[in-house]
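> dropping the sequence and predicted coords here.
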Amino acid sequence: MRRLVFLFMLAAAMPLQAADFQQGLRLKADNKLEAAATEFEGVLRQTPGDAKALEQLAIVQGWLGRYPNSIASWQGLLALEPRRDDARIGIARIQYWSKQWPAAINTLDDVLTRQPRSAEALTLKGDILLAQQMPEAARNAYQSALESGGDSSELQKKISRAVVPKRWRFDIGLGFDRYDNPRGRESSGFTQLGYAVSSTLNVYGRQELARQFGTNDSSLFAGAYWLVAPELLLFGETGYTPDANFRPESQFTAGMELLAGSYVQPLLTYRHANYAGTSAAILPGAVSGSGSVKTITPGVRLIFPGSGNLELRYAITANLDGSTTKVSQARLNLDAGDRWTPYLAYFSGNEALPPQAPAAFKVYVLGSTYLLNDSWSLRADLSYEDRPSFYTRKSLAVGLSYRF
């Protein structure tokens, strides 16, 4: 027993295993960043003035998104070695990643006063200028980096991307429906004009014309998408249909997407539609009258690295007749290269929207966009709807987009 106690006391008195700088480098190379940061922090506790460990810690903290800590580590390195302009470039890179663009430019300009041919500083300055939507200035910075011995292949790619952004987008589309009941053939179409106010804000206006139920409705819409932060997208749309026959007289949609998750992104949409009554041909059992229809649609986007994503939504609607209907939605967006963006979608649930009778339905959709070049793209969508005891519907929609 005494021997066990002695061994325990001896072990407790022994120092913990020393941190290892080389082990930190190995962990960093294996992309085990949390463990690497812990190792470098351990080295610095043992040797506070270890400049190599401080530099590696600053790099890893930046990769982990710990921007204030990374800047503090770079500044600590400068306190040890004031001539280290690579540390200043490290600070500028963190400022760039955290969207402190003016501060990053100031930091780099300070470096370039002493090292005007620093390809690393010039390249990073080009990246920041491009993020600020200053493509001509970015091209000049990239060209200077190229002339200063920077990576030719990488800089040529950056120069090719540093072009004046196309801010306007015009879309036109047509849809054709074929029903197996007396509705027969119907059609719809739209034109839309959008404008990129900035890299984070897009606005648009749209007109839709629908020929359904033996009559026509023309609707006007205005909307916007706003990337409030890299992790949050907000969007909203308002619409109005003068002298509505079967569409809502007015409607409003708002939503948000939380983009912070690498694999799971929450989604939420709310729609409020006001009906003023219908003059369309009413089928037996159809919902009619005036009032509002409210729909809330929570959902989630599951990200599959390198292969697309899956969006799952569940819509809950409060209808004119006081009923509540629910619709399950799934959409698989496939990763098919730079030009094709195919998708599959499925909807299943119940609906009680005027001027149709309440019914259960299932819809299957297959579609894709094809990028012809940096200005033009085509779109096509095929869908099939099965509404038992009422009808089946086959649809084709085609569209054309032009960016300028």
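That came through fine.

> shaky segments in the chain?
Residues of the chain meeting the criterion pLDDT under 70: 1-18, 278-284.

> ranges for the strands of it?
168-179, 185-196, 201-212, 215-229, 232-240, 250-258, 264-276, 290-304, 308-318, 324-334, 340-351, 359-371, 376-387, 391-403 (DSSP state E).

> save those strands as a markdown table, and put in mean neighbour count and distance to Ala36 too.
For every residue, glycine as well, the C-beta is placed using N, CA and C. Shown next, in a markdown table, are those (neighbours: other CB atoms under 10 Å; distance: least, CB to CB, whole Å):
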| stretch | mean neighbour count | distance to Ala36 |
| --- | --- | --- |
| strand 168-179 | 16 | 44 |
| strand 185-196 | 16 | 39 |
| strand 201-212 | 16 | 38 |
| strand 215-229 | 16 | 28 |
| strand 232-240 | 16 | 30 |
| strand 250-258 | 17 | 29 |
| strand 264-276 | 17 | 26 |
| strand 290-304 | 16 | 25 |
| strand 308-318 | 17 | 30 |
| strand 324-334 | 16 | 34 |
| strand 340-351 | 16 | 37 |
| strand 359-371 | 16 | 39 |
| strand 376-387 | 15 | 43 |
| strand 391-403 | 16 | 43 |
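
> and Arg88, which of these is closest to it?
strand 215-229 (26.6 Å; CB to CB).

> pairing partners for that closest one, with directions?
Its sheet considered, strand 215-229 pairs with strand 201-212 (antiparallel), strand 232-240 (antiparallel) by DSSP bridges.

> quick check: angle from it to strand 250-258?
30 degrees (axes from the mean of the first three to the mean of the last three CA atoms, to 10 degrees).

> so which of the strands of the chain gets nearest Glu55?
Once the strands of the chain are compared by CB to CB, strand 215-229 is nearest, at 29.5 Å.

> got the angle for the closest one vs strand 185-196?
Interaxial angle, strand 215-229 versus strand 185-196 (the same axes, to 10 degrees): 30 degrees.

> still on that earlier bit, distance to Val163 for the strands paired with strand 215-229 - can I get that in CSV?
Below are the strands paired with strand 215-229 laid out as CSV (distance: least, CB to CB, whole Å):
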stretch, distance to Val163
strand 201-212, 18
strand 232-240, 25
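
> just so I know, which of these lies nearest Ser395?
strand 201-212 (12.0 Å).

> other residues contacting the closest one?
Strand 201-212 has contacts (CB atoms under 8 Å, 6 or more residues apart in numbering) with 169, 183, 186-197, 216-227, 246-247, 280.

> want to throw the strands of the chain into TSV with distance to Ser160?
Shown next, in TSV, are those (distance: least, CB to CB, whole Å):
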stretch	distance to Ser160
strand 168-179	21
strand 185-196	20
strand 201-212	24
strand 215-229	24
strand 232-240	28
strand 250-258	30
strand 264-276	31
strand 290-304	28
strand 308-318	26
strand 324-334	27
strand 340-351	22
strand 359-371	16
strand 376-387	19
strand 391-403	17
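
> quick one, which of these is nearest to Ser118?
Of the strands of the chain, nearest to Ser118 by CB to CB is strand 215-229, at 31.1 Å.

> any idea how far Arg185 is from the residue at minimal distance from the centre of the chain?
In the chain, the residue lying closest to the centroid (CA atoms, centre = their mean) is Leu259, at 6.2 Å. Distance, Leu259 to Arg185, by CB to CB, to the nearest Å: 41 Å.

> repeat that for Glu81.
77 Å.

> just Asn69 next, same as before
64 Å.

> same check on Gly255?
33 Å.

> next one: Pro248
Distance, Pro248 to Arg185, by CB to CB: 24 Å.

> also Ile91?
For Ile91, the distance to Arg185 equals 65 Å [CB to CB].

> cool, Pro102 as well?
58 Å.

> same check, this time on Ala104
Counting by CB to CB, the gap from Ala104 to Arg185 is 58 Å.

> repeat that for Gln192.
Here Gln192 is placed at a distance of 24 Å from Arg185 (CB to CB).

> now swap in Trp63 and tell me
Per CB to CB, Trp63 is found 58 Å from Arg185.

> quick check: end-to-end length of stretch 276-296?
In stretch 276-296, first residue to last residue: 21 Å (CA to CA, to the nearest Å).

> does Ile89 touch Ala104 like I think?
No: counting by CB atoms under 8 Å, Ala104 is not a contact partner of Ile89; they are 9.9 Å apart.

> now list whatever residues contact both of these two.
Leu124.

> between those two, which is the more surrounded one?
Between Ile89 and Ala104, counted using other CB atoms under 10 Å, Ala104 has the larger neighbour count: 25 against 21.

> wouldn't the more buried one be in contact with Ile128 here?
Yes: contact criterion CB under 8 Å: Ala104 and Ile128 qualify, at 5.2 Å.

> overlap in contacts, these two.
Residues within reach of Ala104 and of Ile128 at once, by CB under 8 Å, 6+ apart, are Ala92, Tyr96.

> ok, now how distant is Tyr346 from Lys28?
44 Å.

> can you check Leu155 too?
With distances taken as CB to CB, Leu155 is found 26 Å from Lys28.

> those two: who's more crowded?
Neighbours per residue, other CB under 10 Å: of Leu155 and Lys28, the larger number sits with Leu155, 22 against 19.

> can you tell me which residues contact that one?
Leu155 neighbours (CB under 8 Å, 6+ apart): Thr123, Tyr142, Ala145, Leu146.

> can you pick out the most distant pair from these?
Taking CB to CB, no two of the contacts of Leu155 sit farther apart than Thr123 and Leu146, at 9.0 Å.

> isn't Leu77 right up against Ala58?
Yes: with contacts defined as CB under 8 Å, Leu77 counts as touching Ala58 at a distance of 6.5 Å.

> what residues are shared contacts of these two?
Counting by CB under 8 Å, 6+ apart, the residues touching both Leu77 and Ala58 are Ala87.

> tell me the bridge partners for the residue lying closest to Asn202 once chain neighbours are set aside.
If the residues on either side of it in the chain are set aside, Asn202 comes closest to Tyr225, at 4.6 Å by CB to CB, 6 or more residues apart in numbering. Beta bridges link Tyr225 to Asn202, Phe235 when assigned by DSSP bridges.

> next, the contact list for Tyr225, please.
By CB under 8 Å, 6+ apart, the residues touching Tyr225 are Leu201, Asn202, Leu233, Leu234, Phe235.

> alright, calling it a day.
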